[in-house]
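Trainee: have a look at this fold, sequence not included:
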């Protein structure tokens, strides 16, 4: 990480409108414009990790609360959203710094961390000890439990439980459920 960069954590409610606009702009750019209103909504309401440098917002990630059923128990899960690093400062450790902060929040406030990783993002997470869930991925939808086979293999958890099998049932949300 560059020496001038510092990670700041803050709840969505503590971010100014200008800071939220900078986060949304970073996410829009980082995901090549493929960051819908629902994706933005999923990023809000939790804790954010922000890294600024001399040019402004350099990196961001958020962790929001989700409920996930595993076996007979509903877990409080810190779900990682909106992890992005500005193109000109990638591969300098900023993504890792953001994840350090988010993992700290997960450790202190949740039973488990979870995220849905893109092919590009998966190496960052696996290098940090996150593992792909080996069982079924589902969501509790308006009409009952719905299997999400397209999410199987890209849903990651941390810290890794002893058993990576079985079914995870996520709470429902608009847009991409995971």
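Mentor: Sure, I can see it. Just so it is clear, the structure is predicted and the values come from calculations on it, not from any experiment.

Trainee: mind checking pLDDT for residue 36?
Mentor: As summarised for this prediction, residue 36 has a pLDDT of 94.

Trainee: and it, what is it in contact with?
Mentor: With CB atoms under 8 Å, 6 or more residues apart in numbering as the criterion, the residues that contact residue 36 are residue 175. (Glycine included, C-beta is placed from N, CA and C.)

Trainee: phi, psi of it?
Mentor: Recorded main-chain torsions at residue 36 are phi -80, psi 170, according to degrees, to the nearest 10.

Trainee: how close does it get to residue 176?
Mentor: For residue 36, the distance to residue 176 under the criterion CB to CB, to the nearest Å works out to 8 Å.

Trainee: low pLDDT regions in the protein?
Mentor: Per-residue confidence for the chain (pLDDT under 70) gives these ranges: 1-5.

Trainee: just how off-centre is the strand ranked longest in the chain within its chain?
Mentor: Counting by DSSP state E, the longest strand found in the chain is strand 56-70. Chain-centre distance of strand 56-70: 4 Å, with CA atoms, centre = their mean, to the nearest Å.

Trainee: same thing with stretch 9-29?
Mentor: In terms of CA atoms, centre = their mean, the centre of stretch 9-29 is found 15 Å from the chain centre.

Trainee: over to stretch 167-178?
Mentor: If you compare the mean C-alpha spot of stretch 167-178 with that of the full chain, they lie 13 Å apart, counting by CA atoms, centre = their mean.

Trainee: quick check: end-to-end length of it?
Mentor: The first residue of stretch 167-178 is 14 Å away from its last residue (CA to CA, to the nearest Å).

Trainee: contacts for it, please.
Mentor: Residues external to stretch 167-178 that are found in contact with it (CB under 8 Å, 6+ apart): 36-39, 41-42, 66-70, 114, 116, 133, 135-142, 145, 148, 151, 154-155.
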